[in-house]
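Colleague: the sequence and its predicted three-dimensional model are supplied below.
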Amino acid sequence: MNDNAQPGRRYRVACLGFVFDPFAQGVIDRIAPGNFDLSYAERPEDMTEAMLTESDMLLVVAPVTDGMMAKASHVRFIQKWGTGYEKIDVAAAARHGITVAITAGANANTVAEHAVTLMLTAMRRIVVADRAVREGRWIPAELRPVSQRLHGKTVGIVGFGNIGKAVARQLRGFDCRILYYKRGGPVADEAASGARYAGLDELYAQSDVVTLHCPGGAANRGMIDGAALAKMKRGAVLINVARGELVVEDDLVAALENGQLSAAGLDVFAEEPLAPGSALRGLENVVLTPHSAGSLVDDIAIMANHSFENMLAFQRGERIRAADLIVDPERPRLPLPERTAP
């Protein structure tokens, strides 16, 4: 913890990653603490050496490597915008004495809402219908054989953290039967969520819709491969708003082409932006969005305020909320002398 908070001190914060577009920057600048001096790098090529060497804290969705931490000698706190922190070298952060935190639950309802939107859009072929009308084609008879409702379906939620639970809550209005899988087993508040724990094989076999809400990283990379897809109910729908690396995309394409899956809704991909030659672009039974589940005007201030609360707590020497704290180093990096204000 920080025992050296200095009242009146200014802090330089480097904001790194694709979420920090010019519109977001304007919102964040308006609500940032008065003693924070923010700099932004929306793209990797926008990041300067000084953003690392001169910053006191990092606010990121971009990767943070061991080498970056070594250069960032003033940085003692890294705040992840969102929850997935697999692109931050947390082992290196611990070695460097850098505290790492996330914004647990801050955008859970937002991302869950996108997942439900993808379910409805994919199952009802909304994109195909919209394009047909714009092109002057009236195709209700063509849509009927490939469209289905969400109401009353069995939905399997893989990963039952804040976002998975939010999906379960939002699906209550559709009278869905909800199954969930969590690596650690059933959760204590299962009854409150209206969901029932199931093993992965059972979940795959019974679910009309399988929606992914688990973290990336080595443990889950490629978990949705040909073998997993073959275990799913024929004609099921796959939704992924979690991490692209969870899915083997070639196997997914094959399942969508041969009818093992009837549709998919994807917000994340193994390679981002999605490659121009990706076979997913040519499939009409897939809805594609550009990793935008959390890219809402409403969400910027929510995420920024949560992040700033953690940053201010750290600088005051207060403990970060347990759900957010990812790295609490045994030997925290000592603060360097304050530099001249920019």
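Modeller: Alright, I've got the coordinates. Residues are numbered from 1 along each chain as shown.
Colleague: every contact and neighbour count from this point should use C-alpha atoms.
Modeller: OK.
Colleague: run a quick neighbour tally on residue 281.
Modeller: By other C-alpha atoms under 10 Å, the residues close to residue 281 number 13.
Colleague: contacting residues for residue 8?
Modeller: If you count contacts by C-alpha atoms under 8 Å, 6 or more residues apart in numbering, residue 8 has them with residue 35.
Colleague: tell me the secondary structure for it?
Modeller: Under DSSP: H, G, I helix; E, B strand; the rest coil, residue 8 falls in the coil class.
Colleague: quick one: it from residue 133, how far?
Modeller: 60 Å (C-alpha to C-alpha, to the nearest Å).
Colleague: and if you look at residue 175?
Modeller: 31 Å.
Colleague: go on, residue 298?
Modeller: Residue 298 is 30 Å from residue 133, by C-alpha to C-alpha.
Colleague: and the nearest residue to residue 176 once chain neighbours are set aside, how many neighbours?
Modeller: Spatial nearest neighbour of residue 176, excluding adjacent residues (C-alpha to C-alpha, 6 or more residues apart in numbering): residue 152 at 4.5 Å. By other C-alpha under 10 Å, 15 other residues sit near residue 152.
Colleague: next one: phi and psi at residue 152?
Modeller: Per-residue torsions, residue 152: phi 80, psi 0 (degrees, to the nearest 10).
Colleague: now do residue 89
Modeller: Main-chain dihedrals, residue 89, degrees, to the nearest 10: phi -80, psi 90.
Colleague: three-state assignment of the most centrally placed residue in the chain?
Modeller: Centroid-nearest residue in the chain: residue 242, 5.2 Å away (criterion: C-alpha atoms, centre = their mean). Under three-state DSSP, the three-state class of residue 242 is coil.
Colleague: skipping adjacent residues, who's closest to it in space?
Modeller: Computed as C-alpha to C-alpha, 6+ apart, the closest residue to residue 242 that is not its neighbour in sequence is residue 213, at 5.1 Å.
Colleague: do you know how far that neighbour is from residue 241?
Modeller: 7 Å.
Colleague: tell me where this structure has helices.
Modeller: In the chain, the segments counted as helices under DSSP state H are 22-31, 49-53, 66-71, 90-96, 108-123, 126-134, 140-143, 162-171, 190-193, 200-206, 226-231, 249-258, 297-315.
Colleague: neighbouring contacts of the fifth one?
Modeller: I take that to be helix 108-123. 126-127, 146-150, 162-164, 166-167, 170-171, 209, 211, 237, 239-241, 263-266, 285-287, 293-294, 299.
Colleague: surely the residue nearest to the centre of the chain meets residue 215?
Modeller: Yes - with contact defined as C-alpha atoms under 8 Å, residue 242 reaches residue 215; the gap is 6.8 Å.
Colleague: need the contact partners of the lowest-mean-pLDDT helix or strand in the chain.
Modeller: When each helix and strand of the chain is scored by mean pLDDT, DSSP states H and E, helix 190-193 comes last, with a mean of 88. The contact list for helix 190-193 (C-alpha under 8 Å, 6+ apart) reads 165, 168, 169, 196, 197.
Colleague: widest-spaced pair of the residues you listed?
Modeller: Distance extremes for the contacts of helix 190-193: the farthest pair is 169 and 197 at 15.0 Å, using C-alpha to C-alpha.
Colleague: select only the buried ones of the contacts of helix 108-123 in PyMOL?
Modeller: Only the buried members of the contacts of helix 108-123 enter the following PyMOL selection, criterion being 16 or more other C-alpha atoms under 10 Å:
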select buried, resi 126+147+150+162+163+164+166+167+171+209+211+237+239+240+241+263+264+265+266+285+286+287+293+294
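Colleague: first-to-last residue distance for stretch 251-264?
Modeller: So stretch 251-264: terminal residues 13 Å apart, C-alpha to C-alpha.
Colleague: pull out the buried residues from that stretch.
Modeller: So, applying 16+ other C-alpha under 10 Å, buried residues of stretch 251-264: 251, 252, 253, 255, 256, 260, 261, 262, 263, 264.
Colleague: stretch 293-303 now?
Modeller: Quick answer for stretch 293-303 (16+ other C-alpha under 10 Å): 293, 294, 300, 301, 303.
Colleague: so who does the first one touch?
Modeller: Think residue 293. By C-alpha under 8 Å, 6+ apart, the residues touching residue 293 are 110, 111, 114, 115, 241, 267.
Colleague: likewise for the third one?
Modeller: When the contact criterion is C-alpha under 8 Å, 6+ apart, the partners of residue 300 are 24, 27, 28.
Colleague: how much space separates the residue nearest to residue 25 when sequence neighbours are not counted from residue 70?
Modeller: Distance criterion C-alpha to C-alpha, 6+ apart; nearest residue to residue 25, sequence neighbours excluded, is residue 40 at 7.7 Å. Here the criterion is C-alpha to C-alpha. By it, residue 40 lies 20 Å from residue 70.
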